[in-house]
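K.L.:
Take this sequence and fold it.
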Amino acid sequence: MTTLDFLRDIKIHQSKKGYRFSVDALLLASFAEKRAVNKIADLGAGSGIIGLLMARKYPQARVVMIELQESLAELAERNIELNGLEGRVEAIRMDIKALLPGNGFRSTRLDPLSFDLVVSNPPYRKIKTGQINPRDEKAIARHEISLSLKDLAKAGAALLKHHGRLCIIHLPERLAEITGVMRDNGLEVKRLRCVHSKVSAEASMLLIEAIKGGRTGMKVERPLFIYNEDGSYTDEMLEYYGHDN
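P.N.:
Residues are numbered from 1 along each chain as shown. Next up is the predicted model:
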């Protein structure tokens, strides 16, 4: 059973009880919207919200969504058609680990070293941390059951052209690990933005951009606050949602 939801000018079917996108997807899509791109990959696309937002932002770009879970990949395909984007957006059901060097993956739709931008809202937590959700759809999306941070970095590096960008959203407590894993795979973290629920709260998420073949040196952007102290959305968040301030 699904629901029909709306975000900006995107219509999207989502599972009613399974995995549903959160504000993280909107934050990541907005963070990645910095430079013109022609070819985008969304790794672990879920029902397709980030890829669809990027396709709307860049009407000339080709977008490929990669999703392991059959139920979510089918929703992504359905949402591509719902938004009339079949001509340049596609969903592929596959294991991201198939992209890793040495696994022999070949596809004219996923030529290695050819993407300008790879985005991913990956599983945040290691398998032995946090409470595992009994619903597989949610568990796989939130814990590194099927995709580790190392494999994500390797897959991103395999797809990106030189100086291509990998943009992810992740947990602050894993920043040192993320930076090291990226560097081990030829990706240098160049841009960082901390996300806070409100001004008085510690950072709850990090928005991270790594450049393939980039030099050392990181820009830390001003913090992003989701809510005002009274619980209303900040002006920046209203802008992200497409609402007038």
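K.L.:
Residue 221: what's its closest spatial neighbour, skipping adjacent residues?
P.N.:
Leaving aside its chain neighbours, residue 221 sits nearest to residue 193 (4.3 Å; criterion: C-beta to C-beta, 6 or more residues apart in numbering). Every residue, glycine included, has its C-beta placed from N, CA and C.
K.L.:
Can you list the helices and strands that whichever strand or helix holds that neighbour packs against?
P.N.:
Element membership of residue 193 [criterion: DSSP states H and E] is strand 187-196. Strand 187-196 is packed against helix 149-159, strand 160-170, helix 175-184, strand 203-212, strand 219-220, strand 224-225, with contacts defined by 3 or more C-beta pairs under 8 Å, 6 or more residues apart in numbering; DSSP states H and E.
K.L.:
Let me see the contact set for residue 154.
P.N.:
Residue 154 sits next to 99-101, 185 when contact means C-beta atoms under 8 Å, 6 or more residues apart in numbering.
K.L.:
do you know which of the helices and strands packed on strand 187-196 lies nearest residue 52?
P.N.:
strand 160-170 (15.8 Å; C-beta to C-beta).
K.L.:
Return the list of strands paired to that closest one, each annotated with direction.
P.N.:
Strand 160-170 has the following sheet partners, assigned by DSSP bridges: strand 115-120 (parallel), strand 203-212 (antiparallel).
K.L.:
Residues touching the longest helix seen in the chain, excluding its own?
P.N.:
As assigned by DSSP state H, the longest helix anywhere in the chain is helix 70-82. With contacts defined as C-beta under 8 Å, 6+ apart, helix 70-82 is touched by 2, 11-15, 18-19, 45-49, 51-52, 65, 67, 86, 89-93, 137.
K.L.:
List the buried residues for it?
P.N.:
71-73, 75-80, 82 (16 or more other C-beta atoms under 10 Å).
K.L.:
and what of stretch 202-215?
P.N.:
Buried residues in stretch 202-215 (16+ other C-beta under 10 Å): 203, 205-212, 214.
K.L.:
distance of residue 5 from residue 240?
P.N.:
Distance of residue 5 to residue 240, given as C-beta to C-beta, to the nearest Å: 16 Å.
K.L.:
Those two: which is more packed in?
P.N.:
Neighbour tally, residue 5 and residue 240, criterion other C-beta atoms under 10 Å: the higher count belongs to residue 240, 21 against 14.
K.L.:
In the strand or helix carrying the more buried one, which residues have enough neighbours to count as buried?
P.N.:
Per DSSP H and E: residue 240 is located in helix 235-241. Buried residues in helix 235-241, counting neighbours by 16+ other C-beta under 10 Å, are found at 237, 240.
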